[in-house]
Structures are given as C-alpha cells and as structure tokens.
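Colleague: build the 3D model from these lines:
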Amino acid sequence: MSNKIITIIYIILIILLIDLIVYLLISQGILQAPKIFNITEQKIEVKNISDEVPQFYSNMKFNHNEITYTIENLCPEKTRQRVLDAFIELSNLTDKIITFTQTENNPDIEVICSRENEEAISEEYFIAGEGGAKQIISTGLYSVISNGTIYLYESKDLNKCNWPNVEIHELLHVLGFEHSTSKESLMYPYLTSCDQKLDEKIIQVIKELYSQPNLPDLYFENISANQKGKYLSFNTTIKNIGVVNSKLVNISVLDNGEIVKSIELEPIPYGAGLKLNIQNLKISHLNPEKLELVIDLENKIKEIDRTNNQVQLI
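Modeller: Residues are numbered from 1 along each chain as shown. Below is the predicted model:
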C-alpha cells in the first residue's frame, strides 16, 4: 500500500474521530451555551400582629415564653415586691401565656434601682423612659428581644398607687410597647391617675405574639442559577427568618425528583443568612423536566413555615 493511500486513511480516521468527539461534546451539552434560569424570588408575607397597638418595631417578642429576671440587691423591699406583683399581674392578665422566673445568670430582664449601676446605653440600642428592650435582632418575621432593663429610682410616683402601675408600664416597654396618647391608658407617658388601665388590645397582642411557635424558618434568598450541559451552578443565601437558631439541615438538589446532591448546612442563627456557591454540579439529565432545590427534604426539623423550603429552577 502506497504512502499516499495510508495518509488518506489516517485523514479519514482523524475526521471520524473529530466527528465522534464533537458528537459526544454536543450530547453532553458541553458545546452548548449555558441556560440562565429565570427564577421568581420568594416573597415573604409578614403579618404585623401588633398593628393596632404601637410597638417600637413590628412583632417584638422574646423567643421564649418563660422570661427570666434579676432584681438588684440595692432595690428596697417595697420596690422589689411591687416588681414581683407586676410580673404576676401581667402573667395572670395574659392567661400565663408568658411567665416570669427569677435567675442568677444571664437574665432576660434586669431590674435596677441604683444610679451607680446604670449602664451607658449605646445609641444603637433602644430604651424608652425608664425601661426598654436593650438589644433587638430583626429576623424578617419578628423583632426578637435579646434582653431589657427596667430602672426604678425613688420618686413620688413610684409608690403613688396601690397597684404596680409604674412597674407594669416599664415592663411593657421592655416587651416593646410604645406610649399611648390616651390619658386613661397605663401606657400614657405620665402617671396622672391611679385609675389608668392596661389596654385590652395590648393583652391580646401579647397573647397572639407568644402563642406563635418559637421555631426557625429557613428560605432561599437572592438565588441565581445556570445549567451548561449536565452541569448546574447556583448562588443563593439561605436565611433564617424565624426566632431561634436552626439545627443541622441538608439542602437537596433534585433532577426530575431524584436527589443528585445533598449539601449539609451548619446551624444558622436567627436573623442571619448563609451564602452558598455551588459550581459545576453534575446532574442526571441534559434537559430535565424539573430541577429543584429543597431545604430539609426529609422534614428533620420543625419550622414556622415549610412552604418556603423549595425553589424550582425549571
């Protein structure tokens, strides 16, 4: 066989090999332009429970119903008793939906009677009158109170009434309630009468706020994704808009209902988010009918709302 014929055969084989390689690349989608997914952002509907009764921030609450407190040793015995009466009274008025328990360490509420122990309140914190929530974390659904302080200094108004008007007034500031413009209200800025009453609407708001489950709530925020052949890339932030930290949980990538990847997430603090960047994840199909990302597919954790745990790319 002449060299010329051998060269022609080599050329034909090379052409066939190139055609085969091109076919394989096209069949895998590698030579295709990436598909950019048009993903509808999840909308979080926030119900402002405290709409009818002003709070400093919407839906202010502690993330637990048993609220702890300490009373400074320098508080006079009469003041101490009036504070205890205020805790009992508010607990009873709310049908014990919230309770108050004394503790020695890391209290939710500090009651202080001496100016020597008065803390310098930073402008970034909130305090109203002589009592208020001191640190608040906004999660999206709630404004979670971390701790608060009540200052009770000796004054002519402090022991003016037999009922603990002043103490309940300041306690309600810690729980997030603003002043009222009604002189008949206990939340009026000034103690004008011992007949001032606690607004029934405040009681109803407290009951509703604290009847809500104290759980995490994870959802996808700011998601973008594209597919090139059988390879999926996406960026997203998983946000915890609940009121407590989440536990360990997985995100599953589903191709036509089949799991192609599970990604373990670290616990996410309430009000915080975790960025996730996945590049060139191999999926099962070149043209899947459905591509989904799902948080906690196996329902291992309880959440406020599970309907926002899924986003469909296709």
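Colleague: now Asn214: how far from Tyr142?
Modeller: When distance is defined by C-beta to C-beta, to the nearest Å, Asn214 is 10 Å away from Tyr142. Yep, even glycine has a C-beta here, placed from its N, CA and C like the rest.
Colleague: tell me, what's touching the two both at once?
Modeller: Common contacts of Asn214 and Tyr142 (C-beta atoms under 8 Å, 6 or more residues apart in numbering): 63, 243.
Colleague: name the helices or strands packed onto the helix or strand hosting Ser262?
Modeller: Assigned by DSSP states H and E, Ser262 belongs to strand 258-265. Judged by 3 or more C-beta pairs under 8 Å, 6 or more residues apart in numbering; DSSP states H and E, strand 258-265 is in contact with strand 249-255, strand 273-282.
Colleague: assign Lys96 to helix, strand or coil.
Modeller: The three-state assignment at Lys96 reads coil, by DSSP: H, G, I helix; E, B strand; the rest coil.
Colleague: what about the residue lying closest to Asn59 once chain neighbours are set aside, neighbour count?
Modeller: In this structure, Asn59 finds its nearest non-sequential neighbour in Tyr142, 4.5 Å apart by C-beta to C-beta, 6 or more residues apart in numbering. Neighbour count for Tyr142, taken as other C-beta atoms under 10 Å: 28.
Colleague: most tightly surrounded among the helices and strands packed on strand 258-265?
Modeller: strand 249-255 (a mean of 20; mean count of other C-beta atoms under 10 Å).
Colleague: quick one: the helices in the protein, in order.
Modeller: Ranges of helices in the chain, per DSSP state H, are 3-27, 77-93, 165-174, 200-211.
Colleague: among the ones you listed, which is the most enclosed?
Modeller: Most buried among the helices of the chain, counting by mean count of other C-beta under 10 Å: helix 165-174, with a mean of 24.
Colleague: in the stretch 1-150 of the chain, which segments are predicted with low confidence?
Modeller: 1-3, 6, 8-9, 19-34, 37-46, 116-129 (pLDDT under 70).
Colleague: got a markdown table for the helices of the chain, with distance to Leu291 too?
Modeller: Converted to a markdown table, the helices of the chain look like this (distance: least, C-beta to C-beta, whole Å):
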| stretch | distance to Leu291 |
| --- | --- |
| helix 3-27 | 19 |
| helix 77-93 | 51 |
| helix 165-174 | 48 |
| helix 200-211 | 38 |
